[in-house]
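Colleague: my questions are about this predicted structure, shown below with the sequence.
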Amino acid sequence: MGMFDGKAGLVTGGASGMGASAALAFAREGGAVLVADIEAMRGQGEKVVADIVTAGGRAQFTAIDVSKEADVIRMVDETVSAFGSLDFAFNNAGILAVGFTHEVEEADFDRIFAIDAKGVWLCMKHEIRYMKEHGGGAIVNNASEAGLVGTPMAGPYVAAKHAVVGLTKTAAGEYANMGVRINAIAPGAIATPMVLTLPQPVQDSLVAPQPLTRMGTPEEVAELVLFLCSDKAPFMIGNIVSIDGGATSNAQSYSPETSPSA
Ligand code: NAD
């Protein structure tokens with residue numbers, strides 16, 4: 001028996017990184033999954049789908065842009081028409097742009113907000129519209145540790161991820177009594193293309209605040225996403241669950257000097 005036998009859902013940004021790991025994990029647990037990502041990621045998205053189908057699961061790819069409402073409506077409709085329901089959703093698609101506050105271009109600010117903040121709102125809007133009429137469901141939004149604390153050279157990203165936190169907390173309360181459970185996760189440095197393509201010194205600076213001195217894996221994040229979407233978390237709503245190697249639990253970095261030697 002899988003945790004998601006007989007259930008269906010969607011993962012945005014499902015072609016890569018945490019989205020791909022979560023899509024594979026939902027399918028391993030019996031869930032049918034719509035893997036949604038931008039057209040440019042079709043090849044990788046179809047590979048995720050092929051891996052799921054080869055392993056005996058059910059999945060299909062759809063090309064969408066989470067910042068466009070018509071695309072998001074179509075994504076929800078396609079999940080229901082392909083698999084019969086929408087029981088879980090991982091609103092995970094996001095982009096990062098780096099630069100000091102005085103250097104960021106207006107167009108980059110707008111693009112980050114359109115995808116990282118408005119995209120999550122649009123997805124919740126249309127997922128909730130379906131779920132509240134069909135017996136409920138579970139939604140997890142991918143915020144970030146940058147949704148909880150500041151991060152140098154990432155002002156618009158930090159602001160957009162704080163917006164995801166606010167949207168999550170608000171919607172979680174609004175639909176609590178309609179069977180729609182909404183939470184967010186706040187990952188620290190996770191080994192995905194988003195981070196692994198940054199210059200090494202930037203990667204090092206992301207890992208530095210973490211007492212667990214390595215990057216997390218997308219598979220570790222998928223475990224948390226599945227738990228929050230599953231029947232094992234019935235009393236959890238409106239939580240922003242950190243999965244960050246301890247980064248946000250301490251104001252100062254750990255080092256050999258600040259940890260016991262034995
Ligand atoms: P990733 O780049 O591997 O995956 C992001 C996916 O989102 C890509 O497949 C991309 O094509 C897709 N995407 C981008 N814009 C889109 C759009 N407009 N519509 C639909 N899909 C779109 O990176 P990842 O690390 O797996 O990122 C997943 C999420 O996790 C993001 O929201 C990111 O901000 C967040 N996050 C990442 C880290 C990290 O350390 N990697 C930490 C905290 C939060």
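Modeller: Alright, I've got the coordinates. Numbering: from 1, shown residues only.
Colleague: could you give the number of residues near residue 164?
Modeller: Residues within reach of residue 164, counting by other CB atoms under 10 Å, total 26. C-beta: built from backbone N, CA, C; applies to glycine.
Colleague: thinking it is in contact with residue 140, fair?
Modeller: No: taking contacts as CB atoms under 8 Å, residue 164 lies outside contact range of residue 140: 11.0 Å.
Colleague: and for those two, which residues touch both?
Modeller: residue 184 (CB atoms under 8 Å, 6 or more residues apart in numbering).
Colleague: return the residues of the stretch 101-250 of the chain in contact with the ligand.
Modeller: Residues of the stretch 101-250 of the chain lying near the ligand by CB under 6 Å from any ligand atom: 115, 119, 142, 144, 187, 189-190, 192-195.
Colleague: can you flag the buried ones in these?
Modeller: For those, a burial check counting by 16 or more other CB atoms under 10 Å picks out 115, 119, 142, 144, 187, 189-190, 192, 194-195.
Colleague: list the contacts of the helix or strand of the chain with the lowest mean pLDDT.
Modeller: The least trusted helix or strand in the chain, going by mean pLDDT, DSSP states H and E, turns out to be helix 200-207, with a mean of 93. With contact meaning CB under 8 Å, 6+ apart, helix 200-207 is reached by 98, 152-153, 188-189, 195-196, 198, 213-215, 245.
Colleague: so which bits of it are buried?
Modeller: 203, 206-207.
Colleague: helix or strand next in line after it, which one?
Modeller: For helix 200-207, the succeeding helix or strand toward the C-terminus, using DSSP states H and E, is helix 218-229.
Colleague: buried stuff in that following helix?
Modeller: Neighbour counts over helix 218-229 (16+ other CB under 10 Å) mark 218, 220-222, 224-226, 228-229 as buried.
Colleague: tell me which stretches of the stretch 1-150 of the chain form strands.
Modeller: 8-12, 32-37, 59-63, 88-91, 137-142 (DSSP state E, counting those that start in this stretch).
Colleague: do you know which of those lies nearest residue 254?
Modeller: The minimum distance between residue 254 and the strands of the stretch 1-150 of the chain falls on strand 137-142, with 25.7 Å, by CB to CB.
Colleague: show me what the closest one is in contact with.
Modeller: Counting by CB under 8 Å, 6+ apart, 9, 13, 18, 86-92, 94, 120, 124, 127-128, 130-131, 164, 167-168, 171, 179-185, 187, 225, 228-230, 233 sit against strand 137-142.
Colleague: partners of it, with directions?
Modeller: Applying DSSP bridges to the sheet, strand 137-142 is found paired with strand 88-91 (parallel), strand 180-187 (parallel).
Colleague: between the residues of the stretch 101-250 of the chain next to the ligand, which sits nearest residue 42?
Modeller: Nearest member of those to residue 42, counting by CB to CB, is residue 193, at 15.9 Å.
Colleague: where does residue 170 land on pLDDT?
Modeller: With respect to pLDDT, residue 170 has a value of 98.
Colleague: buried stuff in whichever strand or helix holds it?
Modeller: Assigned by DSSP H and E, residue 170 falls within helix 155-174. Neighbour-count burial for helix 155-174 flags 155-165, 167-169, 171-172 (criterion: 16+ other CB under 10 Å).
Colleague: could you do stretch 31-47 as well?
Modeller: For stretch 31-47, the neighbour count (16+ other CB under 10 Å) marks 31-38, 41, 44-46 as buried.
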